[in-house]
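would you be able to build a 3D model of this:
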Amino acid sequence: MNPTFDLNQDSWTGTVYGYARVSTADQSLDHQIDALRQAGCEKIYTEKMSGTRNDREQLKKLCYELEPGDTVIVTRLSRVSRSSRDTMKLMDAFAEVGVRFRALYEAIDTATSTGKLFLTILSGLAEADRETIVASTNAGLAAARARGKKGGRPPAIDTEKAKRILDYIDRLSLDIGETADIVKVSKRTVQRFLAEKKESDDAGNDDFYNKYGLSKKAMASDVPTSPDPIAEHVA
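Here you go, the predicted structure:
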């Protein structure tokens, strides 16, 4: 979305709001509040919270209260956001409602032609940020795949655990609860694992064995592939 403002509007007759934020509880808001009052703010919302967090309740309350013709003022652009992408989202939201935004230190005013140029530049930076994040994510996933890994959290059952589960259940007739306790995974994980095996066996394919790096021939032999579970559990 490209934000648009009525640049011919000489005066904004709505409420003038201020937003002040510091990152930690021991920092003072006084300097920001004084500057906002001097700028004509009638109501000021304050917050003591890092700009990287998304749960800034006072900023949300301010946004809910805004009406067309209102103005929002901050002392610095960094008070409302730490990234061009997040700032652009906020500017889009203000534009939709018809709200003017000012950042005193940077001399940004979205009711002016210079402010409109700023939004255009900011939109480009936000898109560049997005493309950089996507490229970095894709590069990371490609590198992980090249190392034989998949994106996301590591699997709960690796090849070694797979061998132990099958040994304990098929050869030693332990139940699912006992097996899960010894292997240190949840009962639900073992149940899903066994369901995968049954589905693969019923279909007559090796998908299950390939997934967990198992040898179907070795698993069919009578030679145990895992240590004694009782001794291991006691240890």
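
pLDDT weak spots in the protein?
By pLDDT under 70, the weakly predicted segments of the chain are 1-12, 50-54, 82, 122-154, 217-235.

outline the domain layout of the chain.
What automatic domain parsing lists as the domains of the chain is 16-129, 159-234.

so of the ones you listed, which one's packed in deepest?
domain 16-129 (a mean of 16; mean count of other Cβ atoms under 10 Å). Heads up, the C-betas are built off the backbone N, CA and C, glycines and all.

work out the gap between that domain and the centre of the chain.
Centroid separation for domain 16-129 versus its chain: 22 Å, with Cα atoms, centre = their mean, to the nearest Å.

residue 89 and residue 160, how far apart?
Separation of residue 89 from residue 160 (Cβ to Cβ, to the nearest Å): 46 Å.

touching, residue 208 and residue 195? I think so.
No. Contact criterion Cβ atoms under 8 Å: residue 208 and residue 195 do not qualify, at 9.9 Å.

the residue nearest to residue 200 when sequence neighbours are not counted: what secondary structure?
Leaving aside its chain neighbours, residue 200 sits nearest to residue 208 (3.4 Å; criterion: Cβ to Cβ, 6 or more residues apart in numbering). Assigned by DSSP: H, G, I helix; E, B strand; the rest coil, the conformation of residue 208 is helix.

so residue 208 versus residue 184, what's the distance?
Residue 208 is 21 Å from residue 184, by Cβ to Cβ.

all strands of this protein, in order?
Here the chain has its strands, by DSSP state E, at 16-22, 43-48, 71-74, 100-103, 108-109.

and the contacts of stretch 55-64?
17, 19, 21, 45, 46, 47, 49, 72, 80, 93 (Cβ atoms under 8 Å, 6 or more residues apart in numbering).

quick check: closest non-adjacent residue to the third one.
Okay, so that is residue 21. Closest to residue 21 by Cβ to Cβ, 6+ apart is residue 47, at 4.3 Å.

residue contacts, the one you found?
Residues in contact with residue 47, defined by Cβ under 8 Å, 6+ apart, are 19, 20, 21, 22, 56, 57, 58, 59.

cool, and residue 214?
Applying Cβ under 8 Å, 6+ apart, the residues near residue 214 are 159, 162, 163, 166, 208.

so how far is residue 109 from the last one?
Yep, that's residue 208 we're talking about. With Cβ to Cβ as the criterion, residue 208 and residue 109 are 64 Å apart.

the chain: helices as residue ranges?
Shown for the chain, the helices assigned by DSSP state H span residues 30-38, 57-65, 84-97, 113-146, 159-166, 176-183, 187-203, 207-211, 216-220, 229-234.

isn't residue 213 up against residue 157?
No. Residue 213 lies out of contact with residue 157 (Cβ under 8 Å); the separation is 10.7 Å.

for residue 101, which non-adjacent residue is closest in space?
residue 110 (4.6 Å).

and the residue nearest to residue 31 when sequence neighbours are not counted, how far from residue 37?
Nearest residue to residue 31, sequence neighbours excluded (Cβ to Cβ, 6+ apart): residue 75, at 7.8 Å. Per Cβ to Cβ, residue 75 is found 11 Å from residue 37.

in contact with residue 118, which residues?
Contacts for residue 118 were tallied using Cβ under 8 Å, 6+ apart; they are 108, 110.
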